[in-house]
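A.B. asks: need the 3D shape of this:
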Amino acid sequence: MKQLSTTASTWGQRALFLGLFAASLTACKKDQEDTPTPTPTPTPVNEEELITTLILTFTDAATPANVYEMRFTDVDGDGGNAPVITGDTLPAGTTLQLALRVLDESGATPEEITEEIQVEDEEHQFFFETDADMQIAYNDADADGNPVGLSNTATTDAASTGSLRVTLIHEPVKTAAGVSAGLIENAGGETDIEVVFPVVIQ
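C.D. replies: Okay, here's the model as predicted:
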């Protein structure tokens, strides 16, 4: 009887140990299941600004009261109504200060994109191409000394008619050949806006 009692006691201890071990495994599994799966962090989307309005203001350097304006407006953006583009008649043989203003007027309150371009001036540059008798030179520069094109000097010569193409490039290669002089061919980057204005010089 004594031998049987010892065996029974041993089996009882083994059963107790196995029971505790199984309970431990169950608890670990439950803890693993209760641990929430981390939610992936969404990748931020870098959306381009909507540009609905581009205004070119020409101010006579000798007579500041004489102001001329060219304007592009497309409030409903691409795919809606056609944009409205208006030119102006510029005086021949005149030096004019040319300032650009960029807006998003799609909402109830117009948003001044010009300020954002000024803040991110190293990532933007305007380019000017014209077949009228007029030259445009940059007056401004970013922190690296490269042009931006929000402030410029336009010099008109003889009476002529033609067009003025204005292109805003995002992230241009400003150090590429000719880019700082206004040549768009080597600029690369992406076009934020491109507008062709009618020009009359007389």
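A.B. asks: going forward, measure contacts between C-alpha atoms and count neighbours the same way
C.D. replies: Will do.
A.B. asks: got the domain ranges for this protein?
C.D. replies: The chain breaks down into these structural domains: 1-36, 53-201 (assignment by automatic domain parsing).
A.B. asks: and those domains, which is most packed in?
C.D. replies: Between the domains of the chain, the one whose residues have the most neighbours on average, counting mean count of other Cα atoms under 10 Å, is domain 53-201 (a mean of 17).
A.B. asks: lowest-confidence stretch among the domains of the chain?
C.D. replies: Mean pLDDT is lowest for domain 1-36 among the domains of the chain, at a mean of 43.
A.B. asks: the closest residue to residue 178 other than its chain neighbours: which element?
C.D. replies: Of all residues beyond its chain neighbours, the one nearest residue 178 is residue 186 (7.3 Å), with distances taken as Cα to Cα, 6 or more residues apart in numbering. Secondary-structure assignment from DSSP states H and E places residue 186 in no helical or strand segment.
A.B. asks: tell me who's in contact with residue 186.
C.D. replies: The neighbours of residue 186, taking Cα atoms under 8 Å, 6 or more residues apart in numbering as the test, are 173, 176-179.
A.B. asks: ramachandran coordinates for it?
C.D. replies: Dihedral angles of residue 186 (phi, psi; degrees, to the nearest 10) stand at phi -100, psi 10.
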